[in-house]
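Engineer: Structure for the following, please:
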Amino acid sequence: MLLYVFLIVAGIVSIYPIYWIYVASSLTDGQIFHYPPSNLFHGHFISNFKQLSASMPVLRDLFNSVFVSGVTTISVVLFSALVGFTFAKYRFWGKSFLFFLVMLTIMIPVQTTLIPLFIIVTKLHWENSYAALIVPFLVNGFGVFFMRQQMQAFPDELLESARIDGSHELRTFFSIVLPNVLPSLAALGILTFLQQWSNFLWPLIVINAKQMFTVPLMLQQLDQPGDVIHYNMIFAGAAIGLVPLIIIFIALQRYFISGMYSGSLKG
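Structural biologist: From the prediction side, this is the model:
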């Protein structure tokens with residue numbers, strides 16, 4: 001009984017901040033700072049959204065975040081699965097050393113790579129472009145490591161049977177391997193999408209054109225020192241920015257939970 005009570009309390013504490021973002025998005029500036037704070041929805045969301053749209057291209061920024069996060073996620077999932085499968089099921093010269101290099105990329109702080117990446121982007125004249133936001137994140141070491149752990153538990157007998165039947169390696173990978181590791185792919189996809197969606201520092205460095213802003217940059221522009229800060233607009237933007245994340249998690253939560261659970265057992 002106490003366990004259920006604890007879980008219910010933990011769930012409420014976890015969900016309440018998200019709930020209040022949507023409540024605040026329906027309040028005026030004065031109502032947001034009213035004490036005690038309101039926990040009920042009011043009817044100002046439409047006016048807050050119109051006010052936000054008048055100052056920022058909200059739908060364009062939302063599209064930028066969806067496009068950049070979506071393309072990056074698809075690339076990371078696909079390449080991580082391919083490379084992870086190669087490390088798990090093939091023997092080749094230098095395999096251990098190459099995997100060591102992959103693991104090394106996980107240990108290097110992201111901040112140390114920003115200057116080299118920025119120099120490369122400027123040399124290629126990719127500033128204020130989708131290429132600058134997407135290309136540096138097309139594959140990552142964590143994804144390769146995560147998928148390698150899942151692929152190691154894949155039965156070798158199925159692979160041998162497919163080869164005996166004349167199936168080439170790529171066909172075997174896409175028609176047999178990927179469908180059987182779908183929960184792990186979904187788990188990696190959700191984590192990658194969330195990480196890319198909330199990425200603020202790198203877009204801040206390479207993007208200065210308003211039409212290329214992502215949602216985090218849009219929200220940052222609403223909180224500039226010296227300007228009048230309209231928190232009703234900030235909460236309205238945050239509420240809109242959370243919608244794609246909520247939709248993706250609800251759609252894939254079954255695969256996400258089973259994928260993370262299987263990852264804790266395999267290896």
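Engineer: Quick one: low-confidence residue ranges for the stretch 101-250 of the chain.
Structural biologist: 224-227 (pLDDT under 70).
Engineer: mind listing the helices for it?
Structural biologist: Using DSSP state H, counting those that start in this stretch, the helices of the stretch 101-250 of the chain run over 114-123, 130-134, 141-151, 156-164, 169-172, 178-180, 182-197, 201-206, 215-221, 231-265.
Engineer: Counting by contacts, list what the fourth one packs against.
Structural biologist: The reference is to helix 156-164. helix 169-172 (3 or more CB pairs under 8 Å, 6 or more residues apart in numbering; DSSP states H and E). Quick note: C-beta positions are derived from backbone N, CA and C, even for glycine.
Engineer: okay if I get the helices of the stretch 101-250 of the chain as TSV plus distance to His34?
Structural biologist: As requested, those are exported to TSV (distance: least, CB to CB, whole Å):
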stretch	distance to His34
helix 114-123	41
helix 130-134	39
helix 141-151	43
helix 156-164	62
helix 169-172	61
helix 178-180	52
helix 182-197	31
helix 201-206	33
helix 215-221	22
helix 231-265	12
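Engineer: For Val102, find the nearest of these.
Structural biologist: Val102 lies closest, by CB to CB, to one member of the helices of the stretch 101-250 of the chain: helix 141-151, at 4.8 Å.
Engineer: relative to helix 231-265, how tilted is that closest one?
Structural biologist: For helix 141-151 against helix 231-265, the angle by axes from the mean of the first three to the mean of the last three CA atoms, to 10 degrees is 40 degrees.
Engineer: elements contacting helix 141-151?
Structural biologist: helix 58-89, helix 95-107, helix 182-197, helix 231-265.
Engineer: on that earlier part again, would you reformat the helices of the stretch 101-250 of the chain as TSV and include mean neighbour count?
Structural biologist: As requested, those are exported to TSV (neighbours: other CB atoms under 10 Å):
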stretch	mean neighbour count
helix 114-123	13
helix 130-134	19
helix 141-151	22
helix 156-164	12
helix 169-172	13
helix 178-180	13
helix 182-197	21
helix 201-206	17
helix 215-221	20
helix 231-265	17
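Engineer: between these, which gets nearest to Tyr22?
Structural biologist: Taking CB to CB, helix 231-265 is the member of the helices of the stretch 101-250 of the chain nearest to Tyr22, at 5.1 Å.
Engineer: Would you reformat the helices and strands packed on helix 141-151 as JSON lines and include distance to Ile15?
Structural biologist: Output for the helices and strands packed on helix 141-151, formatted as JSON lines (distance: least, CB to CB, whole Å):
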{"stretch": "helix 58-89", "distance to Ile15": "23"}
{"stretch": "helix 95-107", "distance to Ile15": "31"}
{"stretch": "helix 182-197", "distance to Ile15": "17"}
{"stretch": "helix 231-265", "distance to Ile15": "11"}
